[in-house]
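Enquirer: sequence and predicted structure are below.
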Protein chains: 2
Amino acid sequence: MDLIRQVIFMDNNKRISLSVVKRLPRYYRYLGEMLENNIKRVSSQDLSKKMKVTASQIRQDLNNFGSFGQQGYGYNVELLYKEIQKILGLTRQYNLIIIGAGNIGKSLLNYINFKKRGFNFTAVFDIKPELVGTQINGIEVQHIGNLEYYLTYNTVDIAVLTMTKENTASVAEIVIKCGVKGILNFSHIDINAPNGVVIENVHLTDSLMILSYGLNESCGYEINIRD
Amino acid sequence: MDLIRQVIFMDNNKRISLSVVKRLPRYYRYLGEMLENNIKRVSSQDLSKKMKVTASQIRQDLNNFGSFGQQGYGYNVELLYKEIQKILGLTRQYNLIIIGAGNIGKSLLNYINFKKRGFNFTAVFDIKPELVGTQINGIEVQHIGNLEYYLTYNTVDIAVLTMTKENTASVAEIVIKCGVKGILNFSHIDINAPNGVVIENVHLTDSLMILSYGLNESCGYEINIRD
């Protein structure tokens, strides 16, 4: 179990550690910004400043994906961007559903960058009668009772759970039983993931607790979700 | 820099690694649930099942905070809960402000568990004229132009940034200049933290990218923000 959590195997049997994987989205964001600004190459030193990890760590990280760096030249921004895009699985589209049409659900539905990255919301579910039938960003809120039927007849890659703690376990069970392989969990309990299911937890109270720890230690550090 | 990020010193000069600190909120949540269910003691094996780390890791983690375990008895739930509460700085109250009264801001303001943990929202700011003057959960939205004045005359421990990417850097600058030591950052850029300022980033697009990575590797792992 611990092994599975800490080491992820690539197709070519090369191992990428979870801590490297967690840094990939940041590399991807920074390289994307550089591309937009027409920057063609970047040194590990410059990337190091942005990423706030050492240049040698950068070189070590990127060596995992092939030899993109050239001594004295740095990294080809576009090649590296495209390679990380491929590794992160961002060359395809994903169907997402949201369960829980509250404020967090709404803010996710209205966030245009998700679509740009290939994450498309296809359905929203809630239990509250006053929400069912309303539209959020062009998607009609369905009653949670339709969830299992919907999952049977539609392909869903990722289910986003934003409902109350009390209902999360039973809804997660349905979602997993119906073959959804990815869960983004905002509710304040942890879900047991069976083999083959990927769960990403966003527990905001935990984030505040880490902040309060840091405030009391006042040692001036910065924590990224993906550290 | 890297050292500061990876090792946090306790008052008594004992080091707690960042990875242990990141697990503390989960320990705290689980122990809290046990207390509510009147469970007096817990073995490292039982905690291990919940936390999904090995029992030996649990023992190692908790040894950081003193000798709470007794061979053959396990851990005293209440003592351990209170110790972690103290370490996390949850024995005091915190004043929080939110900048950006959109959906994420609203959902945070309406989340009652924050108050229970000692995180109290005292003010909300936005730039949109149609939001200024409205009330969210009893707090009136002020114009962002009031921010600096407010920070000068009120004690704020944590600023929650939920506004657009474009305005984040300038607002973060004001907030840090006015002495706020903790920032919970939801906007999709990283903020440079000067010494003594703690930043916790919640980048939801990054979370989706990690999920898509996992879906394509389909190796069935679970990632927690705090891993």
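Expert: Good, I have the coordinates. Numbers count the residues shown, from 1 in each chain, chains lettered A, B, ... in the order given.

Enquirer: not counting sequence-adjacent ones, nearest residue to residue A:74?
Expert: residue A:43 (4.0 Å; CB to CB, 6 or more residues apart in numbering or on different chains). Just so you know, the C-beta spots here come from the backbone N, C-alpha and C atoms, and that holds for glycine as well.

Enquirer: equivalent analysis for residue A:190, please.
Expert: residue A:201 (6.4 Å).

Enquirer: touching chain B at all, stretch A:77-86?
Expert: No. Stretch A:77-86 does not reach chain B (CB under 8 Å from any CB of the partner chain); its nearest approach is 9.3 Å.

Enquirer: quick one on the thing from earlier: what pLDDT does the model give the residue nearest to residue A:190?
Expert: Note for residue A:201: predicted pLDDT of 89.

Enquirer: and it, how far is that from residue B:121?
Expert: 23 Å (CB to CB, to the nearest Å).

Enquirer: do residue A:162 as well
Expert: Note on residue A:162: its distance to residue B:121, by CB to CB, is 20 Å.

Enquirer: what does residue A:62 give?
Expert: For residue A:62, the distance to residue B:121 - CB to CB - is 41 Å.

Enquirer: mind checking how far the longest helix along chain A is from the chain centre?
Expert: Secondary structure of chain A per DSSP state H: the longest helix is helix A:18-36. Relative to its parent chain, helix A:18-36 has a centroid offset of 12 Å by CA atoms, centre = their mean, to the nearest Å.

Enquirer: now do it, average pLDDT.
Expert: If you average the pLDDT values across helix A:18-36, you get 89.

Enquirer: ok, and for it, which residues are buried?
Expert: For helix A:18-36, the neighbour count (16 or more other CB atoms under 10 Å in any protein chain shown) marks A:18, A:20-31, A:34 as buried.

Enquirer: taking helix B:18-36 as reference, get the angle to it.
Expert: Computed by axes from the mean of the first three to the mean of the last three CA atoms, to 10 degrees, the angle separating helix A:18-36 from helix B:18-36 equals 120 degrees.

Enquirer: quick one on the thing from earlier: which one of residue A:62 and residue B:121 has more residues nearby?
Expert: It is residue B:121, of residue A:62 and residue B:121, that has more neighbours when counted by other CB atoms under 10 Å in any protein chain shown, with 23 against 20.

Enquirer: other SSEs contacting the helix or strand harbouring that one?
Expert: Of the helices and strands defined by DSSP states H and E, residue B:121 is found in strand B:119-126. Packing partners of strand B:119-126 (3 or more CB pairs under 8 Å, 6 or more residues apart in numbering or on different chains; DSSP states H and E): strand B:94-99, helix B:103-109, strand B:139-143, helix B:147-153.

Enquirer: weakest of those by average pLDDT?
Expert: When I compare these, helix B:103-109 is least confident, with a mean of 88.

Enquirer: how distant is it from the center of its chain?
Expert: That offset, for helix B:103-109, works out to 16 Å (CA atoms, centre = their mean).

Enquirer: tell me if that helix is near chain A.
Expert: Yes. Residues of helix B:103-109 contacting chain A under CB under 8 Å from any CB: B:103-104, B:106-108.

Enquirer: what packs against that helix?
Expert: Using 3+ CB pairs under 8 Å, 6+ apart, helix B:103-109 sits against helix A:103-109, strand B:94-99, strand B:119-126, strand B:135-136.

Enquirer: contacting residues around the second one?
Expert: Outside of strand B:94-99, the residues that reach it under the criterion CB atoms under 8 Å, 6 or more residues apart in numbering or on different chains are A:208, A:212, A:215, B:105, B:108-109, B:114, B:118-126, B:144, B:147, B:150, B:154-163, B:171, B:175, B:182.

Enquirer: now swap in the third one and tell me
Expert: Defining contact as CB under 8 Å, 6+ apart, one finds that strand B:119-126 is touched by A:208, A:212, B:93-102, B:105, B:108-109, B:114, B:132, B:136-137, B:139-144, B:146-147, B:150, B:154, B:156, B:158, B:163.

Enquirer: which parts of it are buried?
Expert: Buried-residue list, strand B:119-126, by 16+ other CB under 10 Å: B:119, B:121, B:123-126.

Enquirer: what about residue A:152, how many neighbours?
Expert: 9.

Enquirer: contacting residues around the spatially most central residue of chain A?
Expert: For chain A, the residue sitting closest to the mean C-alpha position, by CA atoms, centre = their mean, is residue A:200 at 7.0 Å. The contact partners of residue A:200, by CB under 8 Å, 6+ apart, come to A:182-185, B:207-208, B:210-211, B:214, B:223.

Enquirer: which element, helix or strand, includes it?
Expert: Going by DSSP H and E, residue A:200 is in strand A:198-201.

Enquirer: centre of the chain to that strand, how far?
Expert: The answer for strand A:198-201 is 8 Å, by CA atoms, centre = their mean.

Enquirer: do the same with stretch A:124-136
Expert: Relative to its chain's centre, stretch A:124-136 lies at 25 Å (CA atoms, centre = their mean).

Enquirer: quick one: mean pLDDT for it?
Expert: 96.

Enquirer: which parts of it are buried?
Expert: Residues A:124-127, A:131-132, A:136 are the ones in stretch A:124-136 that count as buried (16+ other CB under 10 Å).

Enquirer: next, the closest residue to residue A:176 other than its chain neighbours: phi, psi?
Expert: Counting by CB to CB, 6+ apart, residue A:197 is the residue found nearest to residue A:176 once chain neighbours are left out, at 5.7 Å. Reported as degrees, to the nearest 10, the phi and psi values for residue A:197 are phi -110, psi 130.

Enquirer: which residues touch residue A:197?
Expert: A:176, A:180-183, B:220.

Enquirer: now residue A:142
Expert: Residue A:142 touches A:123-126, A:132, A:150, counting by CB under 8 Å, 6+ apart.

Enquirer: tell me if I'm right that residue A:191 and residue A:184 touch.
Expert: No. Judged on CB atoms under 8 Å, residue A:191 makes no contact with residue A:184 at a distance of 10.7 Å.

Enquirer: name the residues contacting each of the two.
Expert: With CB under 8 Å, 6+ apart as the test, residue A:191 and residue A:184 both reach residue A:161.

Enquirer: out of these two, which sits in the busier spot?
Expert: residue A:184 (23 against 20).

Enquirer: quick one: mean pLDDT over whichever helix or strand residue A:173 is part of.
Expert: For residue A:173, the element it lies in under DSSP H and E is helix A:165-177. Averaging pLDDT along helix A:165-177 gives 91.

Enquirer: is any residue of the helix or strand that comes right after that helix near chain B?
Expert: Per DSSP H and E, helix A:165-177 leads on to strand A:182-185 as the next helix or strand towards the C-terminus. Yes. Contact of strand A:182-185 with chain B (CB under 8 Å from any CB) involves A:182, A:184.

Enquirer: farthest from the middle of chain A: give me that residue.
Expert: residue A:72 (33.7 Å).

Enquirer: circling back to that earlier point, what's the closest of the helices and strands packed on strand B:119-126 to residue B:47?
Expert: strand B:94-99 (27.4 Å; CB to CB).
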